[in-house]
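J.: I'd like to go over a predicted model; first the sequence, then the structure.
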Amino acid sequence: MTETSSTDDARASVPDPVLPEGIGIRASGADDVPAMFALLSAEQLASAGESSLSQDEVADWFETPRGRERNDVRILERDGATVAVWQLFRNFDDKYWAQVAVDRGLPSGLVDELWRAGLDWTERLTLAIAAGLGVTAPRLDLWVNEHDALTRKHAEASGFQQMRAFIEMQIDLAGYAAPAPTAGVTVRQAEIPDADSPDLEIMYRLITESFRDHYDFQLRTFDDWRESRSSDALLDRSHWYVAEIDGEPVGGLIGDNSYLEADDAGYIANLGVLRQGRGRGVAKALLHTSFARYAADGRAAVKLHVDAESPTGATHLYEAVGMYRRLVGFDFHKRLGSGD
């Protein structure tokens, strides 16, 4: 049995829940993207005060083979209007990510009922898909913003545990001027005209090796990493950089378009420096190169997220280059199928 057929069988084995009268549920598709985007954006604004979502990002769930194979999405409707979106994403065979968004303008009792049903559906589907892939105790993750009492309430009631805090940091680019180049460090734009470009493998190695000692690291094969990047609707390889010392790559930075549509901001998705490059100004050189390029592009700001307990002290690094703290979000986990 192929992986695709096993996940399809698992999906078919998990029925949709019975919902309150007047609420319909169905699998979503590409035609639902505008309505889902509107609801998910409103949910992000309500839970975080800002939204990083783009309509292309939602469409990516249905337009790429990877998106279709790894995402399961349900749309809930009442009187023809979209009132909730449930999403389950398979990140790895043993790690899944859940998202529940419910129209917060509904009666509070109904909001809570759709939240509980949504989390129950993601848990049952996670267990079924994981079992088909030979995994008996998968992990389900949920993101909770610091002031989002609704999501926290349901996460804790369902047995999720808060694991780690991540800080959103930002630098405003109005009046930004890059400092003098760091002595001994050369930063260049990665050259990746196609999937076989040497710089693509160099960037994979730099980011992978830099994060081996970081929280929740899980190794991806180069092929899986390359596929994940190439199918990302937010991809922007013009903002990928390699830092070198004496001609040897020691650091890499990956930017994407996460906040372009919502905030006219650049976004640093990954920044990694190998051990032999740490303490030599490599990370600052990469950051200032990125800031300068985003400023030249006319962006208003640059954002990133950092582990609040980063072993490399990254939070202080970002403050040292002029970034400030905006928001805090929390990674919640629940281990399924282990008797909990």
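T.: Cool, the structure landed.
J.: C-alpha only now, for contacts and for neighbours.
T.: OK.
J.: May I ask you to name the longest helix in the chain?
T.: When the chain is parsed with DSSP state H, its longest helix is helix 108-132.
J.: in the protein, which spans are helices?
T.: 3-12, 33-48, 55-63, 65-70, 108-132, 149-157, 198-210, 222-230, 260-263, 282-296, 314-320.
J.: List phi and psi for Arg220.
T.: phi -100, psi 140 (degrees, to the nearest 10).
J.: and it, how many neighbours does it have?
T.: 13 (other C-alpha atoms under 10 Å).
J.: and what of the one 4 residues further on?
T.: Residue crowding around Asp224 was assessed by other C-alpha under 10 Å; the count is 11.
J.: so can I have a markdown table of the helices of the chain showing distance to Arg164 and mean pLDDT?
T.: Formatted as a markdown table, the helices of the chain follow (distance: least, C-alpha to C-alpha, whole Å; pLDDT from 0 to 100):
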| stretch | distance to Arg164 | mean pLDDT |
| --- | --- | --- |
| helix 3-12 | 30 | 75 |
| helix 33-48 | 17 | 96 |
| helix 55-63 | 25 | 93 |
| helix 65-70 | 25 | 91 |
| helix 108-132 | 20 | 97 |
| helix 149-157 | 14 | 98 |
| helix 198-210 | 19 | 95 |
| helix 222-230 | 24 | 91 |
| helix 260-263 | 26 | 87 |
| helix 282-296 | 23 | 97 |
| helix 314-320 | 14 | 92 |
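J.: To Leu142, which of those helices lies closest?
T.: Closest to Leu142 of these, according to C-alpha to C-alpha: helix 149-157, at 7.5 Å.
J.: Not counting that closest one itself, show me its contacts.
T.: Helix 149-157 is contacted from outside by Asp112, Trp115, Arg116, Leu142, Val144, Gln161, Phe332, using C-alpha atoms under 8 Å, 6 or more residues apart in numbering.
J.: same check, this time on stretch 241-260
T.: Stretch 241-260 is contacted from outside by 51-54, 184-190, 202-203, 206-207, 234-237, 239-240, 265-274, 276-277, 282-283, 285-287, 290, 303, using C-alpha under 8 Å, 6+ apart.
J.: Show the buried residues in these.
T.: When the contacts of stretch 241-260 are checked for burial by 16 or more other C-alpha atoms under 10 Å, the buried set is 51-54, 185-187, 189-190, 202-203, 206-207, 234-235, 237, 239-240, 265-274, 277, 282-283, 285-287, 290, 303.
J.: What number of residues are in the vicinity of Asp194?
T.: 9.
J.: Let me know the pLDDT of it.
T.: On pLDDT, Asp194 comes in at 85.
J.: gap between it and Lys153?
T.: Counting by C-alpha to C-alpha, to the nearest Å, the gap from Asp194 to Lys153 is 46 Å.
J.: coming back round to it: so of the contacts of stretch 241-260, which ones are in strands?
T.: Judged by DSSP state E, the subset of those located in strands is 186-189, 235-237, 239-240, 265-273, 303.
J.: Can you get me the start-to-end distance on stretch 316-336?
T.: Span of stretch 316-336 from end to end, C-alpha to C-alpha: 36 Å.
J.: Stretch 49-61 now?
T.: Termini of stretch 49-61 sit 24 Å apart (C-alpha to C-alpha).
J.: distance between it and the chain's centre?
T.: 11 Å (C-alpha atoms, centre = their mean, to the nearest Å).
J.: Stretch 219-231 now?
T.: Distance, centroid of stretch 219-231 to centroid of chain: 15 Å (C-alpha atoms, centre = their mean).
J.: likewise stretch 122-136?
T.: 21 Å.
J.: from here on, count from 889
T.: Renumbered: residue one is now 889, and that last one reads stretch 1010-1024.
J.: Restricting to C-alpha, output that stretch in PDB.
T.: Output in PDB follows, covering the C-alpha atoms of stretch 1010-1024 (Å, rounded to 0.1, in the frame of the first residue of the first chain):
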ATOM      1  CA  THR A1010      -8.300  16.800  14.400                       C
ATOM      2  CA  GLU A1011      -7.400  14.400  17.100                       C
ATOM      3  CA  ARG A1012      -9.300  11.500  15.600                       C
ATOM      4  CA  LEU A1013      -8.000  12.200  12.100                       C
ATOM      5  CA  THR A1014      -4.400  12.500  13.400                       C
ATOM      6  CA  LEU A1015      -4.600   9.100  15.000                       C
ATOM      7  CA  ALA A1016      -6.100   7.500  11.900                       C
ATOM      8  CA  ILE A1017      -3.500   9.000   9.500                       C
ATOM      9  CA  ALA A1018      -0.600   8.200  11.900                       C
ATOM     10  CA  ALA A1019      -1.700   4.600  12.300                       C
ATOM     11  CA  GLY A1020      -1.800   4.100   8.600                       C
ATOM     12  CA  LEU A1021       1.800   5.300   8.500                       C
ATOM     13  CA  GLY A1022       2.800   3.000  11.300                       C
ATOM     14  CA  VAL A1023       2.900   5.600  14.100                       C
ATOM     15  CA  THR A1024       1.200   4.700  17.300                       C
END
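J.: Which residues does it contact?
T.: Counting by C-alpha under 8 Å, 6+ apart, 891, 894-895, 897-899, 901-902, 974-976, 981-982, 984, 986, 1025-1026, 1028, 1224-1226 sit against stretch 1010-1024.
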